[in-house]
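In: below: sequence and its predicted model.
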Amino acid sequence: MPQIDVVLKFDSIAAAKADPTVQQYRNAIEDLWGGDSVIPNIKVWRVSQDVVGTDGEGNPTVTHTYLPGFFVLVSLPRVVNALRDHAAVQFVVDREKMNAREAGMVLRKTVSNAVLNDFRFEPVFAGMDPPWGAWL
C-alpha cells in the first residue's frame with residue numbers, strides 16, 4: 001500500500017485551520033494532528049541559503065534561514081485528491097517510490113525543479129528517506 005506525503009504551506013496556523021479543505025477533513029486532521037499522520041509547523045529551508053561558519057572553538061556550523069509561512073506535512077495511505085490538488089501544496093510524493101528512488105515519486109509539485117531540489121525540511125516521519133538534492 002503506498003504512503004503519500006504532502007507538504008502544504010499556509011500563511012499561519014489560523015489560515016490552515018480556516019481552509020475549506022482542512023475544514024472538510026477537520027475531524028480526521030484533529031485526530032491525526034497529534035502525530036502519526038500530520039506534523040504541523042515543520043521547518044522548511046533552502047540549502048542554498050544556509051550560512052556556513054565556525055563557532056568560537058573553530059568547529060563548523062550551519063545556520064538555516066527558515067522560509068516564512070506555516071508548513072504542514074501530511075502522510076496518508078492513499079492519494080486524497082483534495083489534498084493533492086490543493087492550492088497550498090508545495091509537493092506530493094509517493095514515499096515507497098521516493099525511498100526506492102524510482103521515477104514517478106513526485107506526484108505533484110508547485111515549485112520549480114531547482115527549488116524542489118534545494119528544499120530541506122524537518123522533522124520527517126519515521127520511514128521517510130527524502131532524496132535531498134536529487135528529487136528529479
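Out: Arrived safely, thanks for sending. Numbering: from 1, shown residues only.

In: which SSE is immediately downstream of the helix or strand bottoming out on mean pLDDT in the chain?
Out: For the chain, using mean pLDDT, DSSP states H and E, the weakest element among its helices and strands is helix 26-32, scoring a mean of 56. Where DSSP states H and E defines the elements, the next helix or strand beyond helix 26-32 is strand 38-46.

In: in its sheet, what does the helix or strand just after that following strand sit against?
Out: Note on strand 38-46: by DSSP H and E, the next helix or strand toward the C-terminus is strand 51-54. Its sheet considered, strand 51-54 pairs with strand 60-63 (antiparallel) by DSSP bridges.

In: dump the C-alpha coordinates for the partner strand into PDB.
Out: The C-alpha coordinates for strand 60-63 follow below in PDB (Å, rounded to 0.1, in the frame of the first residue of the first chain):
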ATOM      1  CA  PRO A  60      32.000  24.200  11.600                       C
ATOM      2  CA  THR A  61      28.400  25.400  11.900                       C
ATOM      3  CA  VAL A  62      25.500  25.700   9.600                       C
ATOM      4  CA  THR A  63      22.600  28.200  10.100                       C
END
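
In: residues making contact with it?
Out: For strand 60-63, contacts defined as CB atoms under 8 Å, 6 or more residues apart in numbering pick out D50, V51, V52, G53, T54, D55. For every residue, glycine as well, the C-beta is placed using N, CA and C.
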